[in-house]
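# sequence-free structure coming up:
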């Protein structure tokens, strides 16, 4: 379990993390989301004792990271996959890491096989691709068979097979009762992997919620209706709190009425329905809506750029 209470980090006048409190429980994958510059990496560094908080406190399994007698057995972390001795082979990198806490060669072999690096285990890590480096970083995090895992962008550089592998691995580790805390910019992947979300913006907590509840609460109720009598049904559904749009013939997008209410109205008037589907926003859409005011850097569209150039001319 990871517990943060009033966690704050300042760099001069800049507040990177601002009075952040949360609890990461074992048994589920918890996603850590936020725009660039939100304070995610700084928070993870403070959990691992790499940065000291300006105020507040954070513990892992009831203790500060440095107070654990054998930290590698308590916490496995991947913050920067390229933080390795580039002249060493993958095997020797893991052997050197294992030697610091008496981890056996047998365990080194186990994690090499687990992450799929057996064929390149004797090659210099400095020549690894980004994806291979990620696998080595994950192997390092798993080396001590830890109860808690903290992974920053673990799918970065992985191919589709690798992404599926890490997704299933994280779920399996959580199912074993471990604490799994993962940051990612890939919203589609986080929606498939995490059960709970911690979302921050400008260093502050924005949401601490399950994935399902977050999507449900952040999306406007919409129902997709397909009917050969769409025009007549549209007139029946219209009301002061209901809007009906249509992007293609025979299809309606209804806001303000759920599928049950729409189905009852259609049945009362003997109308045929070919589709009646509740539509929810994706995790990415819900995230973008929630963090709209917390994004530190905003880009512009090509159209906006052209418009600005014309105005300047």
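Nice, I can see it. The structure presented is a predicted model; accordingly, all values stated were derived computationally and were not measured. Numbers count the residues shown, from 1 in each chain.

# quick one: contacts for residue 78?
Applying CB atoms under 8 Å, 6 or more residues apart in numbering to residue 78 gives the contacts 134, 137-138, 140-141, 150-152, 154. All C-beta spots, glycine's among them, are computed from the backbone N, C-alpha and C.

# Among those residues, which one sits closest to residue 199?
residue 152 (15.6 Å; CB to CB).

# What is the neighbour count of that closest one?
20 (other CB atoms under 10 Å).

# Now do it against residue 79, distance only.
Applying CB to CB, to the nearest Å, the value for residue 152 to residue 79 is 5 Å.

# anything in contact with each of those two?
Common neighbours of residue 152 and residue 79 (CB under 8 Å, 6+ apart) are 41, 44.

# what is the mean pLDDT for the host helix or strand of residue 149?
In the assignment (DSSP states H and E), residue 149 maps to strand 148-152. For strand 148-152, the mean per-residue pLDDT is 96.

# One more: stretch 191-210?
Computed over stretch 191-210, the average pLDDT equals 93.

# That one: end-to-end distance?
For stretch 191-210, the first-to-last residue distance is 10 Å (CA to CA, to the nearest Å).

# And stretch 18-37, by the same measure?
End-to-end distance (CA to CA), stretch 18-37: 13 Å.

# just to revisit the earlier point, direction included, what does the strand holding residue 149 pair up with?
The strands that strand 148-152 pairs with in its sheet are strand 75-78 (parallel), strand 179-183 (parallel) (by DSSP bridges).

# Can you give the contact residues for the longest helix along the chain?
Assignment by DSSP state H gives helix 160-175 as the longest helix of the chain. Residues outside helix 160-175 that contact it (CB under 8 Å, 6+ apart) are 26-29, 114, 116, 131, 134-135, 138, 149, 151, 154-155, 158, 180, 182, 189, 192-193.

# Out of those, which sit inside strands?
Taking DSSP state E as the definition of strands, the contacts of helix 160-175 contribute 29, 149, 151, 180, 182.

# Pipe those residues into JSON lines and attach neighbour count per row.
Formatted as JSON lines, the ones in strands among the contacts of helix 160-175 follow (neighbours: other CB atoms under 10 Å):
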{"residue": "29", "neighbour count": "25"}
{"residue": "149", "neighbour count": "23"}
{"residue": "151", "neighbour count": "25"}
{"residue": "180", "neighbour count": "27"}
{"residue": "182", "neighbour count": "24"}
